[in-house]
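# Prediction below, plus the sequence it came from.
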Amino acid sequence: AVRGRDSVFRYAEDGLAIVLSPTQRTDLDVLMQVVDRVQAAIAEGLPVEGRTIHVQSSVGVCAQSAAPEASGEALMTAADCALRIARRAGGGAARAFDPAMQDQVESDHRLAAQVADALRDGQIKPWFQPQIDAATGSLTGLEALARWHHPELGVLSPDQFLPAISAAGLTADLSDMILDQTLSSMADWDEDGLDVPCIGVNLSLDELSDPRLADRIAFQVDQHGLTPDRISIEILETVTLQDGAEAVVRNLHTLRRSGFRLELDDFGTGAASIAHIAQFGVHRIKIDRSFVHGLKEGKEQQRLVAAILGFANQLDIETLAEGVETSDERALLAEMGCGQLQGFGIARPMPRDDVSRWIRNHGRAHQQPLERMTIRGTA
């Protein structure tokens, strides 16, 4: 994928570095052409013990002219900085260096040093975003989303601190804490007479690779006096592509058999096959927000969403559209047959104490008095 005069060598524990020889024209377009060839070469199937393994690669790029200083060390440091940002994006992303990335990487380092104390001190908690029926507007569930109440930086969303959580090896601890507080909240809402049919919790590939995960979740749900059918396990499309990942497959099947709901998050951005969806018995797919934004004006988007809805209907799978922000999007999705909606146009994620108030207000707004009906006729 590279030219004979370019150099390829190992970099750090799990990476490669490619140093391109000087050329007359080395702008970003040229660099990205090389990146495309490299990622395509890495993505080709690798035969290992009779099986084919597919690997994704994240890439950080820096041209010599963009490096902070005119030195090889500065060039490598800048490319590594871009790589760290690309890894945060996931899914085989590529990023070109710009100076603002240094601030992001330095922030990651600071957060990594603070995240263990934040978990212990209860600074990280679940917030909840409502999901509603597209036709009736009634509440169908909530999604639990981690938020860090940082004493200096304010409220941080997961994309700002999950890299620090992962680097500190605390992904499982975060998941356990979010699940425990989510289940506790659900039990309290039940006691208060508030109807929360289902709550979705997100699980990463690392968590699903834990052979004890399914048993641990089932135990926590039982401890809070809840039933598995009210808990939805949200997984990314890429998780369902892990052929041969025995622990992942076992966990998903065990959770499904135990009565938990399974749903695919960010549907349409990955490459989940129909076979994988059917294999795990997915209950619901969440249409990614990128398909929803600008849906009213985007005819091509409308065709794509219609195709997804038709696909789900044929397989008898529920659908939920993420990122709904406008009344036009909401009305059009309902007209197209999307079952449920979630997004800022419905409600923003909110702390536990605000959820009760929102549910009561929303319930009053959607209460429709039954009309008295008189039927007259003759036998």
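Yes, it's here. Numbers count the residues shown, from 1 in each chain.
# what about Val221, how many neighbours?
Residues lying near Val221 (other C-beta atoms under 10 Å) number 21. To be clear about C-beta, it is placed using only N, CA and C from the backbone, and glycine gets the same treatment.
# Offset the numbering so it begins at 47, please.
Sounds good: first residue 47 from here, last item Val267.
# Quick check: buried residues in stretch 396-406?
By neighbour count on 16 or more other C-beta atoms under 10 Å, the buried set for stretch 396-406 is Met396, Arg398, Val401, Trp404, Ile405.
# Quick check: which element contains the closest residue to Gln386 other than its chain neighbours?
Spatial nearest neighbour of Gln386, excluding adjacent residues (C-beta to C-beta, 6 or more residues apart in numbering): Leu366 at 4.1 Å. Using DSSP states H and E, Leu366 maps to strand 364-367.
# Next: Glu280.
Using DSSP H and E, Glu280 maps to strand 277-282.
# same check, this time on Glu115
Using DSSP H and E, no helix or strand contains Glu115.
# now swap in Gln79 and tell me
Using DSSP H and E, Gln79 sits within helix 74-89.
# now Glu346
Using DSSP H and E, Glu346 falls in helix 345-360.
# Can I get that helix in CSV, CA atoms only?
Extracted C-alpha coordinates of helix 345-360, given in CSV (Å, rounded to 0.1, in the frame of the first residue of the first chain):
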residue,chain,number,x,y,z
LYS,A,345,-35.1,12.9,-0.2
GLU,A,346,-32.2,10.4,-0.3
GLN,A,347,-32.3,10.2,3.5
GLN,A,348,-36.0,9.6,3.4
ARG,A,349,-35.5,6.6,1.0
LEU,A,350,-32.8,5.2,3.3
VAL,A,351,-34.9,5.5,6.4
ALA,A,352,-37.9,4.0,4.6
ALA,A,353,-35.7,1.1,3.6
ILE,A,354,-34.6,0.5,7.2
LEU,A,355,-38.2,0.7,8.4
GLY,A,356,-39.3,-1.8,5.8
PHE,A,357,-36.5,-4.1,6.7
ALA,A,358,-37.4,-4.0,10.4
ASN,A,359,-41.1,-4.5,9.6
GLN,A,360,-40.3,-7.6,7.6
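# buried ones in that helix?
Neighbour-count burial for helix 345-360 [16+ other C-beta under 10 Å]: Gln347, Gln348, Leu350, Val351, Ile354, Leu355, Ala358.
# can those go into TSV with extra columns for distance to Arg71 and pLDDT?
Formatted as TSV, the buried residues of helix 345-360 follow (distance: C-beta to C-beta, whole Å; pLDDT from 0 to 100):
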residue	distance to Arg71	pLDDT
Gln347	36	87
Gln348	41	91
Leu350	37	89
Val351	41	91
Ile354	42	89
Leu355	46	92
Ala358	47	89
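# ok and the following helix or strand past the strand holding Glu280 relative to strand 277-282, angle-wise?
Scanning forward in sequence from strand 277-282 by DSSP H and E, the next helix or strand is helix 292-303. Relative orientation of helix 292-303 and strand 277-282, computed by axes from the mean of the first three to the mean of the last three C-alpha atoms, to 10 degrees: 150 degrees.
# Show me what helix 292-303 is packed against.
Packing partners of helix 292-303 (3 or more C-beta pairs under 8 Å, 6 or more residues apart in numbering; DSSP states H and E): helix 251-254, helix 259-269, strand 277-282, strand 307-313, helix 320-326.
# relative to helix 292-303, how tilted is the second one?
Same thing as helix 259-269. Going by the same axes, to 10 degrees, helix 259-269 makes 30 degrees with helix 292-303.
# What does the pLDDT read for the residue lying closest to Trp235 once chain neighbours are set aside?
The shortest distance from Trp235 to any non-neighbouring residue, by C-beta to C-beta, 6+ apart, is to Val242 (5.0 Å). Val242 is assigned 94 on the pLDDT scale.
# for Val242, what are its contacts?
If you count contacts by C-beta atoms under 8 Å, 6 or more residues apart in numbering, Val242 has them with Leu185, Gly187, Leu188, Met232, Trp235, Asp236, Arg276, Ile405.
# ok, and what's touching the helix holding Gln79?
Here helix 74-89 makes contact (C-beta under 8 Å, 6+ apart) with 47-48, 64, 66, 69, 100-103, 105, 107, 109, 138, 140, 142.
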